[in-house]
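Asker: Below: sequence and its predicted model.
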Amino acid sequence: MDSDFNGDGVRDTVIADPEATVAGRTRAGLVRIVYGGDKGTLELSQETAGVPGAAEDDDQYGSALAVYDADGDGCSDLAVGIPYEDLDTADAGLVQINYGSAAGLGGGKAVREHLQGAGKSLGGAAETGDRTGYALAGGRTAAGVSYLLIGVPGESIGAVEDAGAFFYVAADGATGVGINQDSTAGGDVPGVVETDDRYGASLAATPTHFAVGTPGEALGTRTFAGGVAVFSHTLVSGLPKPLLGMGQDLDAVSGAEEVGDGFGISLAMVPYRPSGATSTTASLLAVGVPGEDLSTTVDAGAVQVFHVTASGTFTETAWIDQNTEGVDQESDAGDFFGQRIAAVNSSPNTVASATTTRLAVGVPGEESAEEHPEKGGVQIFPLVGSPGASDQWIDPGYGIPGTPAPRQLAGMSLAATPSALYVGMPYGPAEGHAVHAFPWNVASGGEPTATFRPGEGGIPAGDVAFGAVAR
């Protein structure tokens, strides 16, 4: 079960409102748990009993989430990123692990914190603007060991501001090891530490590999062109082994590096068994490039898909944009196709197909009429085979419940589970705020199978950005 905090075999759902007011503190943030099987709801914040800290203005508790079984007890655990938490210095950030139990979250072990500072679980010092916990990814390796990736995109390396870093926590309770683009202990990490790289701003993982985005990476004189590094979970001198780096300046990667492309702003990764293979040791990596210009269409956006082998080689398998042959819709300036992406392999132990491997692409700048700028939408593609062979489209009023309106930014909140694609609608008119669960095979304009909304199903009424993150 991919999200089961009380171990009852029924899926639970996590929905964050990181801009919520808590105890009078604006943008303090909270997380709501909806237990499956009509077993109630739970609110988590830094005002919840047993959760360390206190609600403060602009903490944005829940800005990032990861669900995984950290301690191997069969109950899912929840990692909550609080990237704007002040720790004697502004916006240093931290991560809290809330453990599941037969009684649900908060009914078992005490919350564990990961933060920087002397004697803490993460190395280095907590500094202004580090934003520890801005991105998270967790799971279990092919060897069965839990891991947690913690992005720290504001980390300064020496005098280099916002160079970025990430921490790898190799098992529950372990001390996190820090890695930046100048790290060499586990092998040479691709890239060079530079100002505004923001290494660790995006993360994605499978049991074999994980990927780290560097959306601010400058390639030559092209600032914010972006890059991605891929690692193995295999540890060398206690550090995960770096395998490769990629960007649009490489011959093996389509496109050309351009200012503001943002290659790696979003990442999604799934296990992959190609035809003829007898085990699943490869991965498919999707990379969002939302600032990609398509000819003269500025910031139309694209997604590139790569086959990463266990040995660390890679091959590009697809370039996807809304001008790709057979693909529904049409690329327009400011679509930002790929600003968010999510992917699933619903049958990882069989040969991958267009049915079992699916990719959801957020297009938050999409507009279907002049009166609805930035209404947004979500497009779903096969990860294997022709992107246009079975793509589907949903947007507000067409599959996504609600009335179309300006600046709803549909597609800014996506999450993949084996059973459903979660689409959060935290923006636009308040009555439209919700999280919708769609089947991965949803037809264009098809309806969700479940909806979570403030004021319904035991969820308290009132929100600011309900559904900004969901799992």
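Answerer: Yes, it's here. Numbers count the residues shown, from 1 in each chain.

Asker: Tell me which residues touch residue 70, please.
Answerer: 77, 79, 97, 99, 138, 146, 148, 172 (CB atoms under 8 Å, 6 or more residues apart in numbering). C-beta coordinates here come from the backbone N, C-alpha and C atoms, glycine included.

Asker: Adding pLDDT, neighbour count and secondary structure, write the residues you listed out as CSV.
Answerer: As requested, the contacts of residue 70 are exported to CSV (pLDDT from 0 to 100; neighbours: other CB atoms under 10 Å; DSSP: H, G, I helix; E, B strand; the rest coil):
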residue, pLDDT, neighbour count, secondary structure
77, 98, 26, strand
79, 98, 25, strand
97, 98, 23, strand
99, 98, 22, coil
138, 98, 23, strand
146, 97, 20, strand
148, 98, 26, strand
172, 94, 20, coil
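
Asker: Residue 405: which of these is nearest?
Answerer: Taking CB to CB as the measure, residue 405 lies nearest residue 79 of the contacts of residue 70, at 33.2 Å.

Asker: Just give the nearest non-adjacent residue to that closest one, would you?
Answerer: Excluding the flanking residues, the one nearest residue 79 by CB to CB, 6 or more residues apart in numbering is residue 66, at 4.1 Å.

Asker: Where does that neighbour sit: helix, strand or coil?
Answerer: Per DSSP: H, G, I helix; E, B strand; the rest coil, the local secondary structure of residue 66 is strand.

Asker: Isn't it up against residue 138?
Answerer: Yes - the pair residue 66 and residue 138 qualifies as a contact (CB atoms under 8 Å) at a distance of 3.8 Å.

Asker: Name the residues contacting each of those two.
Answerer: Common neighbours of residue 66 and residue 138 (CB under 8 Å, 6+ apart) are 79, 148.

Asker: circling back: how confident was the prediction at the residue nearest to residue 79?
Answerer: pLDDT recorded at residue 66 is 98.

Asker: Same question for the one 3 residues further on.
Answerer: Reported pLDDT at residue 69 in the predicted model: 97.

Asker: Name the nearest residue to it, sequence neighbours excluded.
Answerer: Nearest non-adjacent residue to residue 69, counting by CB to CB, 6+ apart: residue 76, 5.7 Å away.

Asker: same deal with residue 452?
Answerer: Residue 452 sits nearest to residue 435 (CB to CB, 6+ apart), 4.5 Å away.

Asker: contacting residues around the residue nearest to residue 79?
Answerer: By CB under 8 Å, 6+ apart, the contact list for residue 66 reads 78, 79, 136, 137, 138, 148, 471.

Asker: Verify the contact between the first one and residue 104 for me.
Answerer: No - with the criterion set as CB under 8 Å, residue 78 and residue 104 do not qualify as a contacting pair; they are 10.5 Å apart.

Asker: pretty sure residue 288 contacts residue 305?
Answerer: No - contact criterion CB under 8 Å: residue 288 and residue 305 do not qualify, at 10.7 Å.
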